[in-house]
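Next input, structure requested:
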Amino acid sequence: MTKIRILSACLLLCSAGLAHAAPAAWQDDLTPLPAREWNRERAAHLLERAGFGGTPAEVERLAAMSPSQAVRTLVRYQSTPNPLPPFDDSGAFDPGLEPFAPSRPAATDLAKRTGEALGVKAKPAGNRKLQQVADRFLYWKRVTKLETERIGYWWANRMVATSRPLEEKMTLFWHGHFATGDEKVQDYRKMLKQNELLRSKATGNFRDLLIAVSQDPAMLASLDAGVNVKGAPNENFAREIMELFTMGVGNYTETDIREAARAFTGWNFKGLDFVIDRTRHDDGPKTVLGKTGNFDGVQVIDIILAKPVTSETIGTKLYRHFVREELTPAMRVALGKLLRDKQYEIAPFLEAVFASKDFYSDASVGTRIKPPVELAVSTYRKLGLAEVPGIPDFNQLTEAMGQKLLNPPNVAGWTSGRSWITPGLLLVRGNFVYDTVFPPVDFVAPDRVADDRYGIGPVAEKIAMGKDVTTATKPDYKEVTSMSMQNDRDEDFNTRLASYHAWRKAIEKVKPIPRMPARIDLSAMVRDAGCATATQAVDHLLLRFMSVPIDADTRRKITALLESDLGTADLKHADSYMEDALRNTLHVILSLPAYQLG
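The predicted model follows:
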């Protein structure tokens, strides 16, 4: 049965039964959950939201604690040992690349004027004098893309293997909040540094985090700090810090934006370090949000944080990410007050939210649609995997579902809630499950295949055949002209040749992503759980993977599918051949619309 047919079958079967037993009065109640109300279901909900879900053993461990102990274990994670490896840099950068040119024409024009660019000298004579400069520019573009893909894998592996799930989940939250992407930054080193910064301050003080991100090279590059100078302030960062990072639309004026931009003039980076160019900083008086003074950027940040709307906006965004999308105006005010009362400390704010009756109310439990990265990571963790499979490709599959690490769609980050689900995206999500339990045999590693926008493959083939550069780099579809008939025309550089050289050198330099499929043993999983019948196996898989109850009719039909595949209800009889049938069953379960909820 194909993955599409299986998904269609499961959609016909599916009907989620939401049967929670929380009092209606719990909704919007931020007082702590009584210890007597703590149970396995609520421990699983906490682990799902404050982490990425987990195995039955991990859930039982939390369920054995009191609710306050369980919350504190997840939130105050600093004392939990977590020996994870640092990113293994391929070593593809060298200092000669800086300052990196904003475009290929900028690089070759600089070399034409000065005789050198990107650490490469132009040839003193001969054809294609600027070829090495064009090669160098495109080399770095290819390298930083490939290394960023590797950072995405490294980070996903951290999410799967971590003993501190909230640390990684908060890092992911801040990545979406302070949305920065390699497409604009064009330097994997800056993206890695920002990722490490977000992790180091994930549950610390929001003021410290906001200042650090404002001075982070990736953010400065992303929001054009280099052109924000005295006398000609660029408003990009000032606008985003008010609109997206703190207060939200409608709580400032255009004058506030212009004046705040002046305070951030001169902020820039050199390499991976934050610098302030005092000669480009406007130290004159400014009026921002009703305050006047010779403010610098940090002082403007403090003015913004003093506004109650800032704590309300940040508190609400955290709440919508970890609890539920819908909330009342009164709840928004209460969350803002809670965050202000905690002096913008994120950990105690989250402790109060995760321990509250509201967090365990019917309105909050099993109502959040999992974003693509969380869906994939939680699936791997519940399977008991120690690392992200290389087949299928993690970056490709999450991008197909709408969310690719280190490449948010814009400065506003990803959307949330129902936007993650359409009929087409639901099919993609089901196919992700299929490709995990039944890895494709025709898989081709995307990090080892050339980007063929410039016909790199055909160029390589023709050069290997001994053709001259002009002939080798002429597009196959291009009509023959008098110029293209020349054996090897005289030119400053050849872009298609540069693309071929750049990709070849980048592939040589950048380490490949490991490509093992998921090591799954569902037969051992159900044996270890003591399952003796198909019904027990289905019940175990539902308990392990689902965050919401499934109605009896759906459960019965899934059991019938497994029994039909096995030819028996007796797992002991089917012990030697039940693995594929169990994988088919798991694919059906994880393709249920209810599995998209957490």
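
The closest residue to Val433 other than its chain neighbours: neighbour count?
Counting by C-beta to C-beta, 6 or more residues apart in numbering, the nearest residue to Val433 once its immediate chain neighbours are dropped is Leu590, at 4.3 Å. Every C-beta, even on glycine, is put in place using the N, C-alpha and C of the backbone. Number of residues near Leu590 (other C-beta atoms under 10 Å) recorded here: 24.

Leu590 against Ser378, yeah?
No. Leu590 sits out of contact with Ser378 when judged by C-beta atoms under 8 Å, with a separation of 10.3 Å.

for the residue nearest in space to the middle of the chain, what are its contacts?
Residue closest to the average C-alpha location in the chain (C-alpha atoms, centre = their mean): Leu405, at 3.0 Å. For Leu405, the contact set (C-beta atoms under 8 Å, 6 or more residues apart in numbering) comprises Ile151, Gly152, Trp155, Ala156, His175, Val373, Asn395, Thr398.

Backbone dihedrals for it, please?
phi -60, psi 140 (degrees, to the nearest 10).

which regions of the stretch 301-450 of the chain sit below the pLDDT cut-off?
Low-confidence regions of the stretch 301-450 of the chain, defined by pLDDT under 70, are absent; no residue qualifies.

hang on, Tyr434 packs against His587?
Yes. Counting by C-beta under 8 Å, Tyr434 does reach His587; the two are 5.4 Å apart.

Low-confidence ranges, the chain, go.
Along the chain, the parts satisfying pLDDT under 70 run over 1-20, 451-454, 477-487.

One more pass at 50, please.
Of all residues in the chain, those with pLDDT under 50 make up the ranges 1-19, 480, 482, 484.

And the strands in it?
Residue ranges of the strands in the chain, as given by DSSP state E, are 116-117, 120-121, 267-270, 273-276, 286-288, 291-293.

partners of the second one, with directions?
According to DSSP bridges, the neighbouring strands of strand 120-121, each with its direction, are strand 116-117 (antiparallel).

any idea how far the strand it pairs with is from the chain center?
For strand 116-117, the distance between its averaged C-alpha position and the chain's averaged C-alpha position is 36 Å (C-alpha atoms, centre = their mean, to the nearest Å).

Over to stretch 391-402?
Its chain's C-alpha centre lies 11 Å from the corresponding centre of stretch 391-402 when counted by C-alpha atoms, centre = their mean.

send the alpha carbons of it over as CSV?
As requested, C-alpha coordinates have been extracted for stretch 391-402 and formatted as CSV (Å, rounded to 0.1, in the frame of the first residue of the first chain):
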residue,chain,number,x,y,z
ILE,A,391,17.0,9.6,5.5
PRO,A,392,14.7,11.3,4.9
ASP,A,393,16.4,14.7,5.0
PHE,A,394,15.3,16.6,8.1
ASN,A,395,15.8,20.1,6.5
GLN,A,396,13.8,19.1,3.4
LEU,A,397,11.0,17.4,5.2
THR,A,398,10.4,20.3,7.7
GLU,A,399,10.7,22.8,4.9
ALA,A,400,8.0,20.9,2.9
MET,A,401,5.8,21.2,6.0
GLY,A,402,6.5,24.9,6.3
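
In that stretch, which residues are buried?
For stretch 391-402, burial by neighbour count (16 or more other C-beta atoms under 10 Å) applies to Ile391, Pro392, Asp393, Phe394, Asn395, Leu397, Thr398, Ala400, Met401, Gly402.

Only alpha carbons, please: show stretch 237-246 as CSV.
The C-alpha atoms that make up stretch 237-246 are tabulated as CSV, following Å, rounded to 0.1, in the frame of the first residue of the first chain:
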residue,chain,number,x,y,z
PHE,A,237,16.1,47.7,13.4
ALA,A,238,14.3,50.4,15.4
ARG,A,239,11.0,49.5,13.7
GLU,A,240,11.4,45.7,14.3
ILE,A,241,12.5,46.1,17.9
MET,A,242,9.2,47.9,18.6
GLU,A,243,6.9,46.2,16.2
LEU,A,244,8.0,42.6,16.5
PHE,A,245,10.4,42.1,19.4
THR,A,246,8.6,44.1,22.2
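
hmm, who's touching it?
Stretch 237-246 is touched from outside by 177-179, 210, 213-214, 219-220, 223-225, 228, 249, 251-252, 256-258, 260-261, 263-264, 267, 300-301, 304-305, 310, 313-314, 411-413, with contacts defined as C-beta under 8 Å, 6+ apart.

Recalculate using a threshold of 6 Å.
With contact meaning C-beta atoms under 6 Å, 6 or more residues apart in numbering, stretch 237-246 is reached by Leu223, Val249, Tyr252, Ile257, Ala260, Ala261, Phe264, Ile304, Thr310, Val411, Ala412.

Could you turn the buried ones of those into a ChimeraX selection?
The command below creates a ChimeraX selection of those among the contacts of stretch 237-246 that count as buried (16+ other C-beta under 10 Å):
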select :223,252,257,260,261,264,304,310,411
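
could the contacts of stretch 237-246 go into CSV alongside distance to Pro165?
Formatted as CSV, the entries for the contacts of stretch 237-246 read as follows, by distance: C-beta to C-beta, whole Å:
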residue, distance to Pro165
Leu223, 30
Val249, 32
Tyr252, 36
Ile257, 38
Ala260, 36
Ala261, 38
Phe264, 35
Ile304, 31
Thr310, 28
Val411, 27
Ala412, 26
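
Among the contacts of stretch 237-246, which lie within helices?
The helices in this structure, assigned by DSSP state H, contain Ile257, Ala260, Ala261, Ile304, Thr310 from these.

Now the two most distant members of those.
Distance extremes for the ones in helices among the contacts of stretch 237-246: the farthest pair is Ala261 and Thr310 at 18.4 Å, using C-beta to C-beta.
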